[in-house]
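A predicted structure for the sequence below; I have some questions about it.
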Amino acid sequence: MLITHLSPLFLKLTESHSLTAGVALDLSRLRYLASLAAAFLPSLHRKQKQTEPVSGPSGGGRCRLFASAVNASFAVRRVCPFTGKKANKANKVSFSNHKTKKLQFVNLQYKRIWWEAGKRYVKLRLSTKALKTIEKNGLDAVAKKAGIDLRKK
């Protein structure tokens, strides 16, 4: 039952608890080992929803098999550092008025802007709204208001 589903992790646990294959496990020790293994192998947890197969989702949606691992690896978000603008949650409305969630991302651009006080170009990733604000008020004023140190850019 549980022993057949576990990998080398179970063998490591059994060695540390001096268990052998021929010895019958009492129920409390088996539950303890299962709880230890469930922490490392989430697929053994009974109440957890089963992930979709690798071949693809059955309902026509996106495959979310590795979604949490992928999302955890991205540290850069699509946020403008000058204005604080970020993605807007919206509905995509079909002809039949069926609404599905979507994100409206900020129009972020990589720009090289002349910084007058530093007498050099500064490479920034900012929104087009921030570009208009910089053209109107100046780079120093907008960066000071946003709390950005241009010397580090």
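Noted; the coordinates are in hand.

Arg78: neighbour count?
Arg78 has 15 neighbouring residues, counting by other CB atoms under 10 Å. To be clear about C-beta, it is placed using only N, CA and C from the backbone, and glycine gets the same treatment.

gap between it and Asp149?
22 Å (CB to CB, to the nearest Å).

tell me the secondary structure for Lys92?
The three-state label given to Lys92 by DSSP: H, G, I helix; E, B strand; the rest coil is strand.

what sits against Arg151?
When contacts are counted by CB atoms under 8 Å, 6 or more residues apart in numbering, Arg151 is found next to Gly118.

in contact with Ala130, which residues?
With CB under 8 Å, 6+ apart, Ala130 has these contacts: Cys80, Phe82, Thr83, Lys85, Val142.

neighbours around the closest residue to it other than its chain neighbours, how many?
Closest residue to Ala130 apart from its sequence neighbours, by CB to CB, 6 or more residues apart in numbering: Phe82 at 4.0 Å. Applying other CB under 10 Å, we find 21 residues neighbouring Phe82.

in contact with Phe82, which residues?
Each residue near Phe82 by CB under 8 Å, 6+ apart is listed here: Leu126, Ser127, Ala130, Thr133, Ile134, Val142, Ala143, Ala146, Ile148.

rerun that using 6 Å as the cut-off
Leu126, Ala130, Val142, Ala146 (CB atoms under 6 Å, 6 or more residues apart in numbering).

what's the answer for Lys144, then?
Counting by CB under 6 Å, 6+ apart, Lys144 touches no other residue.
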